[in-house]
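**Q** I would like the atomic coordinates for the input below:
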Amino acid sequence: MEANLKLMCGTMVVSELDSGGSAINAPPPDTERSLSMQPQFTISPLFGDPRLPVHFWARVRVLENGCWEWIGAQIPKGYGQIRYIKRRQILTHRLAWEELSGPIPDGLYVCHHCDNPPCVRLDHLFLGTQADNMEDMMLKGRGRSYD
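**A** Okay, here's the model as predicted:
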């Protein structure tokens, strides 16, 4: 399989091509994970996407591991925090999700595939329940074992 990348209006559209050259827009379901932990988009914003203000991007650095790490203010658990519209405090990974992907449905969290709390890169984030986040933690061996 090959990947087909196109630059459109500050976003990178990614689709895989099957052996016949037809685009595959979504990966096949992963039976190991619940539905909400699946990727929810096929468009990945580029660093510096204008849907977030310049002062947001000025506080983000690109790491070698691919994370876009917030280097501004952080809460004690390491998540980035910023004052945004009407000076309300918001966690930066949630702001990135809302501005680049859309609203966060009630009852869902913005979780990190990369396990890096200050990361704001959209394709490192996923929507999930608290149970999804705990399952992701256990699958990666980050949880405590109570054997």
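**Q** can you pull out the low-pLDDT segments for the chain?
**A** Applying pLDDT under 70 to the chain picks out residues 1-44, 143-147.
**Q** can you show me the strands along it?
**A** 2-8, 11-17, 23-24, 43-45, 60-62, 68-70, 81-83, 89-91, 109-112, 125-128 (DSSP state E).
**Q** what residues of the fifth one count as buried?
**A** Neighbour counts using 16 or more other Cβ atoms under 10 Å place Val60 of strand 60-62 among the buried residues. Glycine gets a C-beta too; all of them are placed from N, C-alpha and C.
**Q** repeat for stretch 49-56
**A** Using 16+ other Cβ under 10 Å as the test for burial, stretch 49-56 gives Asp49, Leu52, Phe56.
**Q** how about stretch 109-120?
**A** Tyr109, Val110, Cys111, His112, Cys114, Asn116, Pro117, Pro118, Cys119, Val120.
**Q** cool, and stretch 134-143?
**A** Buried, per 16+ other Cβ under 10 Å, within stretch 134-143: Glu135, Asp136.
**Q** ok so, going back, reformat the buried residues of stretch 109-120 as JSON lines; add distance to Gln89.
**A** Below are the buried residues of stretch 109-120 laid out as JSON lines (distance: Cβ to Cβ, whole Å):
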{"residue": "Tyr109", "distance to Gln89": "17"}
{"residue": "Val110", "distance to Gln89": "15"}
{"residue": "Cys111", "distance to Gln89": "20"}
{"residue": "His112", "distance to Gln89": "19"}
{"residue": "Cys114", "distance to Gln89": "23"}
{"residue": "Asn116", "distance to Gln89": "21"}
{"residue": "Pro117", "distance to Gln89": "16"}
{"residue": "Pro118", "distance to Gln89": "15"}
{"residue": "Cys119", "distance to Gln89": "19"}
{"residue": "Val120", "distance to Gln89": "15"}
